[in-house]
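> what's the 3D shape of this:
(one chain, ligands or ions: 1)
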Amino acid sequence: MTSDREADLASFAARSASSRGRQHSEDPPRTRTQFQRDRDRIVHSTAFRRLEYKTQVFVNHEGDLFRTRLTHSLEVAQIARSVARCLRVNEDLVEAISLAHDLGHTPFGHAGQEALNDCMLAYGGFEHNLQSLRVVDTLEERYGAFDGLNLCFETREGILKHCSPDNARRLGAVGERFLLRHQASIEAQIANLADEIAYCNHDIDDGIRSGLIESAQLEAVPLYERHTRRVRELMPSIAARRAVHETVRRIIDALVSDLIEESGRRIAAAAPVGIDDVRKAPALVAFSASIRAQADDLKSFLHKNLYRHPQVVRMTTKAGRIVRELFAAFLAEPRLLPLEHGARVEHEGPRAIADYVAGMTDRFAIREHHRLFAVGEL
Ligand code: MG
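Below is the predicted model of the structure:
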């Protein structure tokens, strides 16, 4: 039943029937494909629900309309599925990878990740991408027979976007491609670029909404300028807020269309027959050279003007301090941790503290920091 559902896919797509399988053997699902099962397990996980209260750029309490990691992940999944359907590859797998790709993020976005990495330098470091894999492989506690979600190899491979050679050796099969310099499945490649399309565009929207950047400033970016000029030509009296939305949706459409066309060209040229040909070929999912350069321009604009905006830096500096102080307090006195986590520190050392801190939502981290450091609080 499940193989029928994947019968129309391209020969080089990932398929349940040819999956490299799960770490713990399980009966195949009766009504779903293997990758639908993975997606469902991810949606039911605790880490997935926490994404609602974790941020990308703005801290969770700064406004109700900004993206959170949850809405970001949904946008990534939606873009990735559109691309996958056009390229006739496995939509269920791209959806699973997209929904899981940020599960290992710390509170407070990149500021939190950098702070936790600093804290963990002497103990192997901290990397959110590796942590996403750790969440689905070991940290989720939902099944009687195993730790983690026991996802398929292809889903795990897609979650692990990058990896150092040392970690790759330690991770076994899922790390092999980094040593062999092979690609991941086409579905993983799609999820990766859908992530970039999603965040570049929603950060324009959130950046303007927050007042930290202005539409006029963005006109220095050719990709934005071209589409906003077109919007004004077509709708001269459009209100400013709507013009931003009209521009952003056109940019998303341009990036997605280019990605589908360029990937189609590359697939036709490489003519992969099976998923192993995809792994051995150069990257098959890509933007054209011109759109790649334009997307890079947009990313540098956002880095310079939004991610390093003084107001964002004030918040991220505070956020980094919260993470560092929480980690230091737990390391000095593991009995401050909930019992179960304290016990894990005895066996696993500082990694268990990193897992605990990384799992916190923005607001939980702020409250916990207040409880630990405010005199007169318990
Ligand atoms: Mg992301």
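> show me where the stretch 201-350 of the chain has helices.
215-218, 222-234, 240-270, 275-280, 289-302, 310-332, 339-348, 350-359 (DSSP state H, counting those that start in this stretch).
> ok, the residue in the stretch 101-250 of the chain positioned nearest to the ion - contacts?
Closest to the ion within the stretch 101-250 of the chain is D195: 4.3 Å, counting by C-beta to the ion. Every residue, glycine included, has its C-beta placed from N, CA and C. The contact partners of D195, by C-beta atoms under 8 Å, 6 or more residues apart in numbering, come to V76, S98, H101.
> Would you mind listing which of those are buried?
By neighbour count, with 16 or more other C-beta atoms under 10 Å, those hold V76, S98, H101 as buried.
> related to what we said a few turns ago, please identify the deepest-packed of the helices of the stretch 201-350 of the chain.
Comparing the helices of the stretch 201-350 of the chain by mean neighbour count (mean count of other C-beta atoms under 10 Å), helix 350-359 ranks first with a mean of 22.
> Show residues contacting it.
Helix 350-359 is contacted by residues 47, 50, 104-107, 112, 116, 119-120, 123-124, 126, 128, 131, 134, 139, 323, 326-327, 330-331, 334, 337, 341, 344-345, 365 when judged by C-beta under 8 Å, 6+ apart.
> The ion contacts on the protein?
D102, D195 (C-beta under 5 Å from the ion).
> Tell me how the chain divides into domains.
Using automatic domain parsing, the domain parsing of the chain gives 2-313, 325-373.
> Tell me which of these is the most buried.
Highest mean neighbour count of the domains of the chain: domain 2-313, a mean of 19 (counted as mean count of other C-beta under 10 Å).
> How confident was the prediction at whichever residue of the stretch 251-378 of the chain sits closest to the ion?
Proximity of the stretch 251-378 of the chain to the ion (C-beta to the ion) peaks at K299, 13.3 Å away. K299 is assigned 96 on the pLDDT scale.
> just the strands in the stretch 51-200 of the chain please.
Shown for the stretch 51-200 of the chain, no strands are assigned by DSSP state E, counting those that start in this stretch.
> Show me where it dips below the pLDDT cut-off.
Applying pLDDT under 70 to the stretch 51-200 of the chain flags residues 58-65.
> tell me the contacts of the closest residue to E262 other than its chain neighbours?
Distances taken as C-beta to C-beta, 6 or more residues apart in numbering place S288 nearest to E262, at 4.5 Å, with adjacent residues excluded. Taking C-beta under 8 Å, 6+ apart, we find S288 in contact with D258, E261, E262.
> Report whether the expected contact of the last one with A286 is present.
If I follow you right, that is E262. Yes - using C-beta atoms under 8 Å, E262 makes contact with A286 at a distance of 5.5 Å.
> which residues in the stretch 51-200 of the chain form helices?
69-86, 91-100, 109-120, 128-134, 153-159, 165-171, 176-180, 186-210.
> For my notes, please list the ones you listed in CSV and give distance to D253 for each entry.
Listed next are those as CSV, based on distance: least, C-beta to C-beta, whole Å:
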stretch, distance to D253
helix 69-86, 10
helix 91-100, 18
helix 109-120, 27
helix 128-134, 28
helix 153-159, 24
helix 165-171, 36
helix 176-180, 32
helix 186-210, 10
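> T317: which of those is closest?
helix 109-120 (7.4 Å; C-beta to C-beta).
> how big is the angle separating that closest one from helix 310-332?
30 degrees (axes from the mean of the first three to the mean of the last three C-alpha atoms, to 10 degrees).
> just checking, what packs against helix 109-120?
helix 310-332, helix 350-359 (3 or more C-beta pairs under 8 Å, 6 or more residues apart in numbering; DSSP states H and E).
> ok, residues contacting stretch 121-141?
Contact with stretch 121-141 is made by 23, 42, 45-47, 100-106, 113, 116-117, 119-120, 147-149, 151, 155-156, 159-163, 167, 171, 174, 349-351, 354-355, 358-359, as judged by C-beta under 8 Å, 6+ apart.
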